[in-house]
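**Student:** got a sequence here, can you model it:
(one chain, ligands or ions: 2)
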Amino acid sequence: MKELLIVKYGEVMLKGNNRPQFVKALIRNIKAALQGTGDYRIRKGQSMLYIEPNGDFDLDKAVERLREVFGVLVFHRALEVEKDLDAIQKQAAKYFAEQLNDSRSFKLETRRTDKHFPHRSQEVKNIVGRHIGESFPHLEVDVHNPDVTLYINIRKEWAYMYIDKERGPGGLPVGTGGKAVTLLSGGIDSPLAAWLIARRGVALDAVHFHSYPYTSERSKKKVISLAQQLARYTGKMTLYIFPFTEIQEAIADYCPQDQLTIIMRRMMMKAASRIATRTSSQALVTGESIGQVASQTMESLTVTNAAVDLPVFRPLIGMDKEEIIDFTRQIGTYNISIQPYTDCCTIFVPRHPQTKPRLDKIKESENQVDFNSLIDKGMEHIEEIVIEPGRDPQPGAPAASNSR
Ligand code: ATP
Ligand code: MG
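**Tutor:** Ligands and ions are numbered 1, 2, ... in the order given. Sure, this is the predicted structure:
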């Protein structure tokens, strides 16, 4: 008796002529996620992938991992059965005995795509259904709202049955939707923004603006932990730590108090777009949502956008804080985000930030400082950390070899 995993293509299925490319990416990402689970083989079917043990294989661990692979919407833990009606009946009853718990009603779904199998689906359903009814007298058939549904699938290559439907995160395989740089603070919002964009197949690198010694080493560690949690879904990514202290001090020294936040946001955007150029990324991602704070009013967002030419994606733009919190609990970033280490934004906060900044005035203030040179300098000293699921963070290439 052999257990296997069956992954349905989900949205990948809709990709028409491009489907092979999406399936290839999905397989590549599944393989990366299944590292350390043992020996298995992946077979491609028409509308699904079969992952079958090929020696020692930790199926439970593989189930956990598949829940975190974008492009996997639904998958099943299935049991391979002999293509013989008698064997199917017996297996079904045994399988039920193991999985029933306190279920009271059941339903069978049968499918036969192998037209050479001598019994039609309806016949399989009737015979197996009767056998299960006799084996478990307390169970009633309920076709509308059953406690358990047993699916029996008879295909050309093999037959299998399953009960559970497991859920993956959906979306599209990372790497099929281009590449972006995500601005990762230590807060609650930005990790979700990154997650949502990666779910659409976008490969990510992250940048964190660090203002040592105003922000501590521990706040950097917190961002690394967030990136590690994200990497369970996105796969390997590089986290750039941008030394932001001098820029922030220059803003505080030379620009008007009420413009500090908006100018700081613009400098973050400019620096992030330098990283995007270096990494051939096509967009920036932030965790802003309209009206959340002064720097996230319509006017502020417009002035922030004007700092860069790249598109800026803000997947949380219309979400409420409560929704964001619920979501981040599900993806495992919430408990990391609420650790109490200061973020560089909370240090240089004006008492009365502008909520309706004007671009011309902001640019005038920015002209007091040679910010381009400061960004150049930051880029020279940027720290790279390679984040990979299941591994400790590794230092990337030393900063000096990156400078242009
Ligand atoms: P978050 O919870 O994501 O920190 P926030 O509600 O605190 O967001 P802001 O501080 O205005 O909002 O930041 C808006 C966005 O700017 C963040 O979602 C993030 O994308 C980016 N950002 C802010 N601070 C930093 C930082 N220190 N490093 C990298 N990105 C940052
Ligand atoms: Mg923040």
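
**Student:** where does the residue of the stretch 101-250 of the chain found nearest ligand 2 land in three-state SS?
**Tutor:** Closest residue of the stretch 101-250 of the chain to ligand 2, CB to the ion: Gly187 (3.4 Å). Yep, even glycine has a C-beta here, placed from its N, CA and C like the rest. Look at Gly187: counting by DSSP: H, G, I helix; E, B strand; the rest coil, its state is coil.

**Student:** right, and it touches Gln339 too?
**Tutor:** No - Gly187 is beyond contact range of Gln339, at 11.0 Å (criterion: CB atoms under 8 Å).

**Student:** the more surrounded of those two?
**Tutor:** Using other CB atoms under 10 Å as the criterion, Gly187 and Gln339 rank with Gly187 on top: 18 against 13.

**Student:** local confidence estimate at whatever residue of the stretch 201-350 of the chain ends up closest to ligand 1?
**Tutor:** The minimum distance from the stretch 201-350 of the chain to ligand 1, using CB to the nearest ligand atom, falls at Gly287 (2.6 Å). At Gly287, the model reports a pLDDT of 96.

**Student:** state the number of residues packed around Ile251.
**Tutor:** Neighbours around Ile251, by other CB under 10 Å: 26.

**Student:** once you drop chain neighbours, what's closest to it?
**Tutor:** Distance criterion CB to CB, 6 or more residues apart in numbering; nearest residue to Ile251, sequence neighbours excluded, is Ile263 at 5.1 Å.

**Student:** which strand or helix spans that neighbour?
**Tutor:** helix 260-278 (DSSP states H and E).

**Student:** got it, and Ile51?
**Tutor:** Counting by DSSP H and E, Ile51 is found in strand 48-57.

**Student:** Leu73 is in contact with Met13, isn't it?
**Tutor:** No - Leu73 lies out of contact with Met13 (CB under 8 Å); the separation is 9.2 Å.

**Student:** in contact with Ser105, which residues are there?
**Tutor:** Counting by CB atoms under 8 Å, 6 or more residues apart in numbering, Ser105 makes contact with 139-142, 145-148.

**Student:** report the two of those separated the most.
**Tutor:** Longest distance between any two of these is 13.9 Å, between Leu139 and Asn145; criterion CB to CB.

**Student:** phi, psi for Tyr151 please.
**Tutor:** Main-chain dihedrals, Tyr151, degrees, to the nearest 10: phi -100, psi 130.

**Student:** I meant to write Val74 there.
**Tutor:** Here Val74 shows phi and psi, under degrees, to the nearest 10, equal to phi -140, psi 140.

**Student:** hmm, back to that, just give the nearest non-adjacent residue to the residue of the stretch 201-350 of the chain closest to ligand 1, would you?
**Tutor:** Per CB to CB, 6+ apart, closest to Gly287 is Asp189, 3.2 Å.
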